[in-house]
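1. please work out how this folds:
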Amino acid sequence: NVVVWSQANPQTKGLNVVAYDTQSGKTSYVDPSVHAQLHARTDGRYVVWADCRNDPKCNYGNWGNTDIYRHDLQTGKTELVSDNPAQQIFPDVSGKWVTWQDSRNDPKSITPHLDWARIDAYVKNMDSGAEHYMTAWQIGQYAQHPKVDGGKLLYLTRDTKQNGALFLVDLEAYEKARKP
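-> Down below sits the predicted model:
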């Protein structure tokens, strides 16, 4: 079992993702960097986070243009998941699936205030590289903190009046339905 969080790294002076293996007692920085790494999640093998390396003004209080990265704890390999020039935050991972909250369709929205935004849920199949745009909202609607587990995507939608709905998507069926 692995637990992840972000903390100041005295070596890099950055806010970095830390992985703690509860069985071995080993603690390590996942991908040491001078840039802030936020909102880490793990499925035990993979760790995902929002990364500030492409926005020098980005930090824990100002998320800015964050990108999503995935690190494989078994191989030590870190890979880019999404680097669209907008804000990608709140990632989650389950095996080959990575999901996140994304503001690329509302390029003015690179701050975390949700009263104006158009924020969508995206998911990527890391085996095939296929990225899927899961929502299609207007300004003032958003998909909040998507979660993925066992090939199922769950996300909450809201609008400015706080009307909401939950969606559960079988990702294997979703991809199969879109193949020619």
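2. when you work out contacts or count neighbours from here on, use the C-alpha atoms and nothing else.
-> OK.
3. this structure: helices as residue ranges?
-> 171-178 (DSSP state H).
4. geometric centre of it: which residue is closest?
-> The centre of the chain sits closest to P91, judged by Cα atoms, centre = their mean, with a distance of 1.8 Å.
5. shouldn't that residue be in contact with T99?
-> Yes: between P91 and T99 a contact is recorded at 5.4 Å, counting by Cα atoms under 8 Å.
6. identify the contacts common to those two.
-> 146-147 (Cα atoms under 8 Å, 6 or more residues apart in numbering).
7. hang on, the earlier thing: so what's the residue count around the residue nearest to the residue nearest to the centre of the chain when sequence neighbours are not counted?
-> Nearest non-adjacent residue to P91, counting by Cα to Cα, 6 or more residues apart in numbering: W100, 4.1 Å away. Here the number of neighbours of W100 (other Cα atoms under 10 Å) works out to 29.
8. same thing with S128?
-> Around S128 there are 8 residues (other Cα under 10 Å).
9. any idea how far L168 is from it?
-> According to Cα to Cα, to the nearest Å, S128 stands 22 Å off from L168.
10. and if you look at D159?
-> Here D159 is placed at a distance of 18 Å from L168 (Cα to Cα).
11. ok, those two, which is more surrounded?
-> The neighbour comparison of D159 against L168 (other Cα under 10 Å) goes to D159, with 20 against 13.
12. looks like D92 contacts V81 (just checking).
-> No: taking contacts as Cα under 8 Å, D92 lies outside contact range of V81: 11.4 Å.
13. hey, what's in contact with both of the two?
-> V98.
14. between these two, who's got more neighbours?
-> Neighbour count, other Cα under 10 Å: between D92 and V81, D92 has more, with 28 against 24.
15. one step back: how near is the residue nearest to the centre of the chain to A50?
-> In terms of Cα to Cα, P91 sits 7 Å off from A50.
16. which residues do the two both contact?
-> Residues touching both P91 and A50 by Cα under 8 Å, 6+ apart: 39-40, 68.
17. between these, identify the one with the most neighbours.
-> I68 leads the shared contacts of P91 and A50 on contacts (other Cα under 10 Å) with 30 neighbours.
18. so what's that one closest to, chain neighbours aside?
-> A50 (4.7 Å).
19. where does this protein dip in pLDDT?
-> 107-117, 136-141 (pLDDT under 70).
20. all strands for it, in order.
-> Applying DSSP state E to the chain gives strands spanning 2-8, 15-21, 27-29, 37-42, 46-51, 67-72, 78-82, 88-94, 97-102, 120-125, 131-133, 141-149, 152-159, 164-170.
21. will you turn the ones you listed into TSV that also has distance to K176?
-> Below are those laid out as TSV (distance: least, Cα to Cα, whole Å):
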stretch	distance to K176
strand 2-8	32
strand 15-21	34
strand 27-29	37
strand 37-42	26
strand 46-51	24
strand 67-72	24
strand 78-82	21
strand 88-94	19
strand 97-102	15
strand 120-125	12
strand 131-133	13
strand 141-149	18
strand 152-159	14
strand 164-170	10
